[in-house]
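next one to model:
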Amino acid sequence: MMTGWTALFYKEVLRFWKVSFQTVAAPVLTAVMYLLIFGHVMQDRVQVYDGVSYTAFLIPGLVMMSVLQNAFANSSSSMVQSKIMGNLVFLLLTPLSHWSWFFAYTLSAVVRGLVVGLGVLVATGLFIWQSSVLNFSLWPQQPVWVLVFALGGAAMLGALGLIAGLWAEKFDQMAAFQNFIIMPMTFLSGVCYSIHSLPGFWQSVSHLNPFFYMIDGFRYGFFGQSDVSPWISLAVVGTSLTLVAALALHLLRIGFKIRG
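I've put the predicted structure just below:
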């Protein structure tokens, strides 16, 4: 028998799964297109880790980028859509606590992020394997690190999406949040490059971006190599997740922009 938060979680998972062609298949296709374009153009022009080709280096970055973007999109779009359509009032009438809301929305965002990420990993990995461009293994060298950073990154972006959804009152505001904050921080986090290839100033800027540590730690799980220690990345991601989750819980507790 379902409890309150598990029922809401189940409803949120069904919400994105019923339109999986748009919420899952489309992001996978986008990531494959990135791989085709960047891998073909930069394969022989960019040097990254020792013994790791650029195309292989790119795949974990695309996987993690997809996880983060889709986790954020799931919780933020659900909250904004419920507010605009007016069906959020039915949730407000229930005795669900702010903890129940937080876990349901955040965990459903994690599920969508991981499903999309797994799809991107399989699609890009199989494409590379069939084209015989490089010897890339879908099984990482350090699977525990991969799982930890995937879960931590998806949870943080799910909670951040919840904050953005509570703040936004229309889709234009939500789009602005995603286009001017989430997208730049994602693309400037080392998805397509190692930060050691950047000038000193931009390396310092990159170290201020928590998304960099998520992607760098995730990539470490595949190759056993990274730009910074995975323990430092874990500390940054853990601290960021704690702060974002605390803010999301506070906003839910006071009913920020959802209670009259």
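
show me where this protein has strands.
Here the chain has no strands by DSSP state E.

helices of this structure, start to end?
4-17, 20, 26-42, 54-85, 88-92, 98-131, 143-167, 171-177, 183-187, 200-206, 210-223, 230-254 (DSSP state H).

please save the CA atoms from the third one in PDB.
Output for helix 26-42, consisting of C-alpha atoms alone and laid out as PDB, is shown next (Å, rounded to 0.1, in the frame of the first residue of the first chain):
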ATOM      1  CA  ALA A  26      14.800  13.200 -27.400                       C
ATOM      2  CA  PRO A  27      17.700  14.000 -24.900                       C
ATOM      3  CA  VAL A  28      19.400  10.700 -25.900                       C
ATOM      4  CA  LEU A  29      19.200  11.700 -29.600                       C
ATOM      5  CA  THR A  30      20.600  15.200 -28.800                       C
ATOM      6  CA  ALA A  31      23.600  13.700 -26.900                       C
ATOM      7  CA  VAL A  32      24.300  11.400 -29.900                       C
ATOM      8  CA  MET A  33      24.300  14.400 -32.200                       C
ATOM      9  CA  TYR A  34      26.800  16.200 -29.900                       C
ATOM     10  CA  LEU A  35      29.000  13.100 -30.000                       C
ATOM     11  CA  LEU A  36      28.900  12.900 -33.800                       C
ATOM     12  CA  ILE A  37      29.700  16.600 -34.200                       C
ATOM     13  CA  PHE A  38      32.300  17.100 -31.500                       C
ATOM     14  CA  GLY A  39      33.900  13.700 -31.800                       C
ATOM     15  CA  HIS A  40      34.400  14.000 -35.500                       C
ATOM     16  CA  VAL A  41      35.700  17.500 -35.500                       C
ATOM     17  CA  MET A  42      37.900  17.400 -32.400                       C
END
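
residues making contact with that helix?
Here helix 26-42 makes contact (C-beta atoms under 8 Å, 6 or more residues apart in numbering) with 54-55, 58-59, 62-63, 65-66, 69-70, 116, 119-120, 123-124, 127-128, 133, 192. Yep, even glycine has a C-beta here, placed from its N, CA and C like the rest.

try 7 Å
Residues from elsewhere that reach helix 26-42 (C-beta atoms under 7 Å, 6 or more residues apart in numbering): 54-55, 58-59, 62, 66, 70, 116, 119-120, 123-124, 127, 192.
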